[in-house]
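S.K.: Output the structure for:
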Amino acid sequence: MALSTYAAPKGVSRRGFLRGTAAATGAMMLPHGAFAQSKDGLLVWLPGGSDVFCNLHTELMNGYAAKNGRGESELMCGLGQDTAYSQAMIAAIAAGSPPDVALTWDTPVSLGSQGAFEALDAMMAKSKISIDTWPAGLLASCQFNGVTYGLPVTAGLYSMWYNQDLFDAKGIPSDRESFPKTWVEMRKMSKEFTEWDGDTLKTAGFLPPRQPETYQIWSALNGGTLFDEKTMKYTINAEQNVEMFHFFLDWINEEYKGDLNLVDRSGATGSGYPDDALGTAPMFQAGRQAGFQSGSWLLGDLYGDFPPTFTRWNLAPHPVGPSGTTSVSGTWPNWFVIPVGTKDPQAGFDYLEFMATEGVLTWFAAVPDIPTNSLVTLVSPASLVERRGEAFAADAMAFFAEQAKVVTPMWNSPSQSFGNDQISLAMGKIFTKAATVEEALADAQTASQAELDRVLKG
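M.R.: Below you'll find the model as predicted:
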């Protein structure tokens with residue numbers, strides 16, 4: 001089955017960390033200058049990104065360095081993602097020349113709990129960006145055993161996105177307050193939009209989630225969790241999660257012919273992006289899909305290569321599952337860390353303070369990742385104002401500010417990436433009928449807990 005998912009960032013185990021530290025040969029694979037540090041300058045790493053993203057951060061760093069007398073500084077962008085980036089970090093630490101600051105797209109818990117990142121709590125206590133200025137659920141993605149290893153300087157906040165023009169055409173109220181409050185209501189509404197022509201999906205309503213990293217959100221919406229940080233135990237096959245997957249499987253069987261391959265061949269329905277592997281365009285922007293779950297980063301990307309063919313769309317909170325009681329949100333943060341072995345951790349932290357309170361405003365104006373620290377006042381992105389008007393843009397910002405307050409704890413396992421991979425495997429088995437819900441979740445639970453225990457014992 002070709003699930004429309006993207007791979008979660010890959011971490012390394014403590015055993016892998018120690019092996020990388022013992023063999024610094026990985027440093028030889030880094031670009032020239034990756035370890036270069038001037039006496040007073042900063043060395044900043046980014047895993048990658050568009051030219052706009054990399055140039056933006058270069059300008060921010062240079063401006064900060066000039067204003068604060070930091071000397072000649074350097075930003076390395078494009079060092080690789082996933083495991084490659086983690087291994088590059090390990091090699092830099094082993095060589096004794098890690099960056100002063102690094103952006104990571106994997107939870108700081110993964111390497112922080114293994115001693116690779118500086119603990120930030122003492123520096124935060126003396127800073128204006130103290131612990132109480134961050135949303136607790138969001139900061140939890142950086143904390144392990146009460147220690148903070150990174151800061152979620154900006155974040156993509158998840159919510160429901162929907163086509164108001166399609167709702168209006170069906171005579172369905174399209175204001176946010178009328179959006180379905182429960183999974184049952186959303187599934188019932190979804191049928192109003194789903195239309196097949198043989199095995200071709202002409203229009204779609206809503207579909208069960210397809211991205212494995214979002215399942216912590218959906219589990220919380222059903223009153224459950226996938227991982228219990230207090231006990232350091234995975235709970236993937238807990239009762240609420242078994243119920244959740246049965247609900248989604250029944251939904252696929254009833255509304256989508258029990259075959260997500262047919263759905264995928266008809267268009268990309270996952271999160272507003274094309275499916276490059278299948279060569280299908282996003283159905284939502286084409287006016288063929290009622291809605292889906294996605295992140296706030298779509299505020300900019302929605303008008304990219306596949307701009308909407310309609311005018312009115314809106315955002316709504318997540319609906320609640322059969323065993324849930326409260327709507328929650330979730331996030332994919334941009335985490336900043338200070339690797340161990342830097343020449344001046346405080347200098348790195350000062351840059352983090354700048355980024356969290358001032359730099360993020362320039363960042364947000366160019367790339368709409370949401371600033372998360374409470375000291376920052378959100379302003380409407382100019383591109384959204386231009387397309388939808390000031391009133392809508394201001395309402396969208398206020399909506400995301402409220403969603404930031406209800407982020408469920410996630411990205412907080414020392415073996416997070418491995419666990420996400422197991423959820424993805426379970427999804428594939430369940431939705432293709434290769435295993436029952438109970439069998440697939442039991443396998444994922446066993447494998448995830450074994451890996452976590454291995455990491456903790458290491």
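
S.K.: Show me how the record splits this structure into domains.
M.R.: Here the domain parsing of the chain from automatic domain parsing is 14-156+331-394, 158-330+412-457.

S.K.: Helix or strand: which one has the closest residue in space to L43 that isn't next to it in sequence?
M.R.: Of all residues not flanking L43 in the chain, P99 sits nearest, at 4.5 Å (CB to CB, 6 or more residues apart in numbering). In short, each C-beta sits where N, CA and C put it, glycine included. Counting by DSSP states H and E, no helix or strand carries P99.

S.K.: Now do P99: how many residues are near it, please.
M.R.: 28 (other CB atoms under 10 Å).

S.K.: check contacts around it.
M.R.: By CB atoms under 8 Å, 6 or more residues apart in numbering, the contact set of P99 is 43-45, 76, 92, 339, 342.

S.K.: Sitting in helices, which of those residues do you find?
M.R.: Of the contacts of P99, the ones assigned to helices by DSSP state H are A92.

S.K.: Looking at the contacts of P99, which is nearest Y149?
M.R.: P339 (10.4 Å; CB to CB).

S.K.: what pLDDT does that closest one get?
M.R.: At P339, the model reports a pLDDT of 97.

S.K.: bridging residues for it?
M.R.: Listed by DSSP bridges, the beta-bridge partners for P339 are F117.

S.K.: now it: how far from A102?
M.R.: If you measure P339 against A102 using CB to CB, to the nearest Å, the figure is 6 Å.

S.K.: Can you pick out the residue with more neighbours from those two?
M.R.: Neighbour tally, P339 and A102, criterion other CB under 10 Å: the higher count belongs to A102, 27 against 24.

S.K.: Provide a list of residues in contact with that one.
M.R.: By CB under 8 Å, 6+ apart, the residues touching A102 are 44-46, 89, 336-339.

S.K.: Recalculate using a threshold of 7 Å.
M.R.: Contacts for A102 were tallied using CB atoms under 7 Å, 6 or more residues apart in numbering; they are 45, 89, 337, 339.

S.K.: That one belongs to a strand?
M.R.: Yes: assessed by DSSP: H, G, I helix; E, B strand; the rest coil, A102 belongs to a strand.

S.K.: and the longest helix along the chain, what does it pack onto?
M.R.: Counting residues, the longest helix found in the chain (DSSP H) is helix 437-457. With contacts defined as 3 or more CB pairs under 7 Å, 6 or more residues apart in numbering; DSSP states H and E, helix 437-457 has these neighbours: strand 233-234, helix 239-255, helix 416-431.

S.K.: nearest to S266, of the ones you listed?
M.R.: Ranking these by proximity to S266 (CB to CB) places helix 239-255 first, at 13.2 Å.

S.K.: which element follows that closest one toward the C-terminus?
M.R.: With elements assigned by DSSP H and E, the helix or strand that comes after helix 239-255 is helix 260-266.

S.K.: Which residues in that following helix does the neighbour count mark as buried?
M.R.: Neighbour counts over helix 260-266 (16 or more other CB atoms under 10 Å) mark 260, 263-266 as buried.

S.K.: what does stretch 269-279 give?
M.R.: Those would be 269-275, for stretch 269-279 by 16+ other CB under 10 Å.

S.K.: could those residues be laid out in a markdown table, adding pLDDT, distance to G224 and secondary structure?
M.R.: Below are the buried residues of stretch 269-279 laid out as a markdown table (pLDDT from 0 to 100; distance: CB to CB, whole Å; DSSP: H, G, I helix; E, B strand; the rest coil):
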| residue | pLDDT | distance to G224 | secondary structure |
| --- | --- | --- | --- |
| T269 | 90 | 25 | coil |
| G270 | 81 | 23 | coil |
| S271 | 80 | 22 | coil |
| G272 | 86 | 27 | coil |
| Y273 | 86 | 28 | coil |
| P274 | 86 | 32 | coil |
| D275 | 86 | 29 | strand |
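
S.K.: ok, so of those residues, who is nearest K230?
M.R.: Taking CB to CB as the measure, S271 is the one of the buried residues of stretch 269-279 closest to K230, at 31.1 Å.

S.K.: how near is the nearest residue to that closest one once chain neighbours are set aside to G330?
M.R.: Leaving aside its chain neighbours, S271 sits nearest to S294 (4.3 Å; criterion: CB to CB, 6+ apart). Using CB to CB, S294 is found at 11 Å from G330.

S.K.: what does E358 give?
M.R.: 27 Å.

S.K.: For these two, indicate the residue with more neighbours.
M.R.: Between E358 and G330, counted using other CB under 10 Å, the more crowded position is G330 (30 against 16).

S.K.: Identify the residues contacting A204.
M.R.: A204 sits next to 193-194, 269, 283, 288-290 when contact means CB under 7 Å, 6+ apart.

S.K.: I'd like these as CSV, with secondary structure and distance to Q445 appended.
M.R.: Below are those laid out as CSV (DSSP: H, G, I helix; E, B strand; the rest coil; distance: CB to CB, whole Å):
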residue, secondary structure, distance to Q445
F193, coil, 35
T194, coil, 33
T269, coil, 28
M283, coil, 34
R288, coil, 37
Q289, strand, 33
A290, coil, 33
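
S.K.: Out of those residues, which is nearest to A426?
M.R.: Among the contacts of A204, T269 lies closest to A426 (CB to CB), at 20.1 Å.

S.K.: So that closest one sits against Y256, correct?
M.R.: No: the pair T269 and Y256 does not pass the contact test of CB atoms under 7 Å, sitting 9.5 Å apart.

S.K.: joint contacts of those two?
M.R.: 207, 263.

S.K.: measure G324 to G137 for me?
M.R.: 16 Å.

S.K.: scratch that, G341
M.R.: 31 Å.

S.K.: These two: which is more packed in?
M.R.: G137 (20 against 16).

S.K.: Mind listing residues that contact the helix or strand harbouring that one?
M.R.: Secondary structure assignment for G137, by DSSP H and E: helix 136-139. Outside helix 136-139, the residues that touch it by CB under 7 Å, 6+ apart are 131, 148, 152, 155, 331, 333, 372, 404, 407-409.

S.K.: Backbone dihedrals for G295, both of them.
M.R.: Dihedral pair for G295: phi -100, psi 170, per degrees, to the nearest 10.

S.K.: residues in contact with it?
M.R.: Going by CB under 7 Å, 6+ apart, G295 touches 156-158, 332.

S.K.: One more: V263?
M.R.: By CB under 7 Å, 6+ apart, the neighbours of V263 are 201, 207, 256, 269.

S.K.: Run through the helices of the stretch 251-400 of the chain in chain order.
M.R.: With DSSP state H, counting those that start in this stretch as the criterion, the stretch 251-400 of the chain has helices at 260-266, 298-301, 345-354, 360-366, 382-388, 390-404.

S.K.: hmm, who's touching the shortest one?
M.R.: Identification of contacts with helix 298-301 by CB under 7 Å, 6+ apart yields 161, 272, 367-368, 381, 383-384.
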